[in-house]
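Colleague: This is a predicted model, with the sequence first.
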Amino acid sequence: MNDQMNEAQLRDKIVALGRSLAARGLSPGSSGNISARLGDGWLMTPTGSSLAALDAAHLSRLNRQGQLADGAAPTKELPLHLAMYDEHPDAQAIVHLHSTYSVAVACLDNVDPDNVLPPLTPYSVMRVGRLALVPYARPGSLELAEAVRLRARQGRALLLANHGPIVAGGSLDAASSAIEEVEESAKLVLLLQGLPTRRLSPADVAALGQPE
């Protein structure tokens, strides 16, 4: 099971993470969703829920087929999560946000679709790696899920065009750290727009390796 925790501990950790993300302004309103792998399925945040006010007892519990087994109805972004898990069978958790700076970058034109964020800091390289852009499709649609499935083969972190970031991680902490790094890197990109910028060289990036 995820991080060797029992289900009750995992539920509490999802609630704590949701509150932390919301308190820091990374999940406005009822946006954003979190999921974590169980031995026989997944836990997921419910549809229409605020990450600031999650209830551990009412999280959506899904079976291995992605069908609701217990709790409230899951987020409409369920297909995105399942597509990411399919392409990353070792992933233990997924976080998807509509965080401001990442969404702003997701709306920019003429970005590199294979790597939206340039390598500015060693931390973005180590925690995120390459960030591919997923073409726009309606939120919650199977079209978007299939686009995510294709792009997920390029890495664990993706940016959904005009929508926001989604990250799969080896744990809830890893997924959260990576998506926060996406947000900070997006902020740097916007702050440096139009300014002469020194990027990490290909040799620098190679020396740092890939994210865990």
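Modeller: Everything's here; your move. Note that the structure is a prediction, hence the values are computed from the model and not measured.

Colleague: which stretches of this protein form strands?
Modeller: 33-38, 41-44, 60-63, 68-70, 93-96, 132-134, 157-160, 164-169 (DSSP state E).

Colleague: Point out the most buried one among those.
Modeller: Sort those by mean neighbour count, taking mean count of other CB atoms under 10 Å, and strand 93-96 sits at the top with a mean of 29. Yep, even glycine has a C-beta here, placed from its N, CA and C like the rest.

Colleague: For that strand, enumerate its sheet partners and note whether each is parallel or antiparallel.
Modeller: Sheet partners assigned to strand 93-96 using DSSP bridges are listed as strand 33-38 (antiparallel), strand 164-169 (antiparallel).

Colleague: what residues does the last one touch?
Modeller: Contacts of strand 164-169 with the rest of the structure, by CB atoms under 8 Å, 6 or more residues apart in numbering, involve 31-32, 80, 84-85, 88, 91-99, 102-103, 106, 128, 131, 148, 152, 156-160, 175-179, 182-183.

Colleague: and those residues, which of them are in helices?
Modeller: In helices, judged by DSSP state H, the following of the contacts of strand 164-169 are found: 80, 84-85, 102-103, 106, 148, 152, 175-179, 182-183.

Colleague: quick one: which of the residues you listed is nearest Arg199?
Modeller: Distance to Arg199, by CB to CB, is smallest for Val182 among the ones in helices among the contacts of strand 164-169, at 16.8 Å.
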